[in-house]
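**Student:** take a look and give me a structure for this.
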Amino acid sequence: MTQHDQTLDETQIRIDLAAAIRLSRRNDWHEGVANHFSAAVSADWRKFLVNPRWVHWSRVRASDLVLCDADDPSTMERVDAPDPSAWSIHSALHRNLPQARVALHIHPPHATALCGLQDPTIYPIDQVTARFHKRMAYDMAFGGIATEGEEGERISRTVGNHRSVMMQNHGVTTLGNTVAEAWDALYHLERAAKTLLLAYSTGQPLQVMADDLAEETAAEWETYRDAELAHFAEMKRILDVEEPDYKD
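**Tutor:** Residues are numbered from 1 along each chain as shown. All right, here's what the predicted structure looks like:
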């Protein structure tokens, strides 16, 4: 089966997206019953799954995920309509960005704290922070809780051709061809933010890598796609034992 075929396997995508939601709850990245993950299930990426409105992330199962059409504004009139901000952000991402087959938007504590600084830049001070060197969008124009369509459109324009975005005064979003890739990027983005905040907390100047070293390190990460997939597969094996109902 090709990678393209895999992206159209709705049953597997449901399982993977539910796993990403449960795993993110385990890491305490979610915020109450808010935040939202989505994954496309059609060849044009416009039909996508998203977590149900205001259901706690510890309870979300594969069958709970809501199927939406990014081109159908009547979605918000449905009984099972997603959270308004989920529709605003994710419908725009799936309509406008070809790299947004999967879009994980969340407010993890360390990355969100960094987004609350005047300068939320992920500086390359170790190999994890260097993963995002010149590969990150920065949304510096927060427009409030994204319940209006224009805010979602603005966010998608800001992301451009990037796969990760730091959203000032808001949170983060990672994009990927698969749930595994987007979730691994989210894991390492929160890890990078934690490392950077710990370094800031010492009060000492940051030892930022030279540009050529940072670029070399970032490029090396791009050869580790198999590790990204293995990371997610290993985490799902833990869920298979401890929370197997995520697949239901």
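**Student:** CA-only coordinates of the helix or strand hosting residue 192 in PDB, if you can.
**Tutor:** Here residue 192, judged by DSSP states H and E, is contained in helix 179-201. What follows is helix 179-201, C-alpha atoms only, in PDB (Å, rounded to 0.1, in the frame of the first residue of the first chain):
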ATOM      1  CA  VAL A 179      -0.900  11.500  12.100                       C
ATOM      2  CA  ALA A 180       2.400  10.000  13.200                       C
ATOM      3  CA  GLU A 181       4.500  12.700  11.600                       C
ATOM      4  CA  ALA A 182       2.400  15.600  12.900                       C
ATOM      5  CA  TRP A 183       2.300  14.100  16.400                       C
ATOM      6  CA  ASP A 184       6.100  13.500  16.500                       C
ATOM      7  CA  ALA A 185       6.600  17.100  15.500                       C
ATOM      8  CA  LEU A 186       4.300  18.200  18.200                       C
ATOM      9  CA  TYR A 187       6.100  16.100  20.800                       C
ATOM     10  CA  HIS A 188       9.500  17.600  19.800                       C
ATOM     11  CA  LEU A 189       8.100  21.200  19.600                       C
ATOM     12  CA  GLU A 190       6.800  21.000  23.200                       C
ATOM     13  CA  ARG A 191      10.200  19.500  24.200                       C
ATOM     14  CA  ALA A 192      12.100  22.300  22.400                       C
ATOM     15  CA  ALA A 193      10.000  24.900  24.100                       C
ATOM     16  CA  LYS A 194      10.600  23.300  27.500                       C
ATOM     17  CA  THR A 195      14.400  23.200  26.900                       C
ATOM     18  CA  LEU A 196      14.400  26.800  25.800                       C
ATOM     19  CA  LEU A 197      12.400  28.000  28.800                       C
ATOM     20  CA  LEU A 198      14.600  26.200  31.200                       C
ATOM     21  CA  ALA A 199      17.600  27.800  29.600                       C
ATOM     22  CA  TYR A 200      16.000  31.200  29.900                       C
ATOM     23  CA  SER A 201      15.200  30.600  33.500                       C
END
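**Student:** which is the next helix or strand following it?
**Tutor:** Heading C-terminal from helix 179-201, the first helix or strand you meet, by DSSP H and E, is helix 211-221.
**Student:** quick one: the helices in this structure?
**Tutor:** For the chain, applying DSSP state H gives helices covering 3-7, 10-26, 84-96, 109-115, 127-130, 149-159, 179-201, 211-221, 225-242.
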